[in-house]
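Student: when you get a sec, could you give me coordinates for this:
(chains A and B)
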Amino acid sequence: MALARWPYDDLFRLFSGQAGPAPRETAGVFPPVNLYDDGSVFLVRTEIPGMDKTSIEVTTAGDQLTIRGERVVAPAEPGASYHRRECDGGQFRRTVTLPQPVDAEAIEATYKNGVLEVRLPRVPERKPRKIAVA
Amino acid sequence: MGTQVQKTEAGTQNPEIQVREKQAVTREPGTWEGPYFEPRVDIYETADALTLMAEVPGAEAEDLQTDLKDNLLTVSAKVARVDPRWKPLYEEYSVGHYLRQFRLGEQIDQAKISANLKDGVLTLTLPKAAAAKPRRIKVTGG
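Tutor: You can find the predicted model right below:
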């Protein structure tokens, strides 16, 4: 299963003010993702070059974001001989869990220069409200 | 011992893509600030040309540089950093520039090299110089 959870230990360190350089590790599932935060929006960024934009599927359910697709590497013309072959084709499916609830209606995804960016606004915090007693 | 065979789920037509970490460039430092990585490439050859496809996600067309000198092909691409207003919470990959060099065994017609960037993939077409193209030599009997 391509399910990965954010390391809450690291988030804890971050929020407790002990954040050093962000951890670099891979969940072992393609594509590797980076998660950023600007205070009101989460940004999930992943490098998947050579994709047909229409074949990238981005879905959310609750606090989970799933990116799936298939990368097709066009074969060389007949008669060509390969010197190097390092670019992978195939299917992928990656699910990430966001640290806080997001507004599903306001999520935006863009694909440019082989980089997929998904912006997920947080659910606006409910302000404390004083209720008048009638 | 035998080689490791990657198992794929039965019934799937295409294999799942495996994660491969970016290879940091450790040789000589580039002139752009920040880390460099080696782009993954496919290179194939036909009778007329060499074609190189390099994965350079995040690079803009105007930030690509290709240079061919004495059969040494250098491909580099500058990649903009993520805007610092985005604070990283979790990072599985590093963002950096790309640099890779190849020693070409063929004579290339420099003037006819063409480059195309699409969706983070750079395609370089390197036509062979006339002298390097295969020629059929007629064998005459004595």
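
Student: okay, now the nearest residue to A:Asn113 once chain neighbours are set aside: neighbour count?
Tutor: The shortest distance from A:Asn113 to any non-neighbouring residue, by CB to CB, 6 or more residues apart in numbering or on different chains, is to B:Gly120 (5.0 Å). (Glycine included, C-beta is placed from N, CA and C.) Neighbour count of B:Gly120, defined by other CB atoms under 10 Å in any protein chain shown: 23.

Student: who's in contact with B:Gly120?
Tutor: A:47-50, A:113-115, B:55-59 (CB atoms under 8 Å, 6 or more residues apart in numbering or on different chains).

Student: could you redo the last one with a cut-off of 10 Å?
Tutor: A:47-51, A:111-115, B:39, B:54-59, B:77 (CB atoms under 10 Å, 6 or more residues apart in numbering or on different chains).

Student: quick check: the residue of chain A nearest chain B.
Tutor: A:Gly114 (1.7 Å; CB to the nearest CB).

Student: pretty sure B:Ala54 sits against A:Glu86.
Tutor: Yes - using CB atoms under 10 Å, B:Ala54 is in contact with A:Glu86, at 9.3 Å.

Student: okay, the two: which has more neighbours?
Tutor: Legend: neighbour count by other CB under 10 Å for B:Ala54 and A:Glu86, higher for B:Ala54 (26 against 15).

Student: for that one, give me its contacts.
Tutor: A:49, A:86-87, B:38-43, B:64, B:66, B:75, B:77, B:98, B:100, B:117, B:120-124.

Student: from the residues you listed, list the buried ones, please.
Tutor: The neighbour count (16 or more other CB atoms under 10 Å in any protein chain shown) marks A:49, A:87, B:38-43, B:64, B:66, B:75, B:77, B:98, B:100, B:117, B:120-122, B:124 as buried among the contacts of B:Ala54.

Student: and those residues, which of them are in strands?
Tutor: Using DSSP state E, the subset of the buried ones among the contacts of B:Ala54 located in strands is B:38, B:41-43, B:64, B:66, B:75, B:77, B:98, B:100, B:117, B:121-122, B:124.

Student: chain A next: which of these are close?
Tutor: Restricting these to those within reach of chain A (CB under 10 Å from any CB of the partner chain) leaves B:38, B:41-43, B:77, B:117, B:121-122.

Student: point out where the chain drops to low pLDDT.
Tutor: Since you didn't name a chain, this refers to chain A. Scanning chain A with the threshold set as pLDDT under 70 gives A:1-27, A:125-127.

Student: you looked at the wrong chain, it should be chain B
Tutor: Checking chain B against pLDDT under 70 turns up B:1-14, B:27-29, B:132, B:142.

Student: is the closest residue to A:Arg94 other than its chain neighbours in a bridge, and if so with what?
Tutor: In this structure, A:Arg94 finds its nearest non-sequential neighbour in A:Ile67, 4.9 Å apart by CB to CB, 6+ apart. As for beta bridges, A:Ile67 partners with A:Val58, A:Arg94 under DSSP bridges.

Student: B:His97 reaches B:Glu60, doesn't it?
Tutor: No - counting by CB under 10 Å, no contact exists between B:His97 and B:Glu60, whose distance comes to 12.0 Å.

Student: what about those two, which has more around it?
Tutor: Per other CB under 10 Å, whichever of B:His97 and B:Glu60 has more neighbours is B:His97, with 23 against 14.

Student: sorry, back to before: next, count neighbours for the residue nearest to A:Arg94.
Tutor: A total of 23 residues lie near A:Ile67 under the criterion other CB under 10 Å.

Student: got it, and A:Asp88?
Tutor: A:Asp88 has 18 neighbours, counted by other CB under 10 Å.

Student: wait, it sits on A:Val73?
Tutor: Yes - with contact defined as CB under 10 Å, A:Asp88 counts as touching A:Val73 (7.3 Å).

Student: shared neighbours, these two?
Tutor: Common contacts of A:Asp88 and A:Val73 (CB under 10 Å, 6+ apart): A:Gly50.

Student: ok, so what distance separates the residue lying closest to A:Arg68 once chain neighbours are set aside from B:Glu45?
Tutor: Nearest non-adjacent residue to A:Arg68, counting by CB to CB, 6+ apart: A:Arg93, 4.2 Å away. To B:Glu45, A:Arg93 is 35 Å away according to CB to CB, to the nearest Å.
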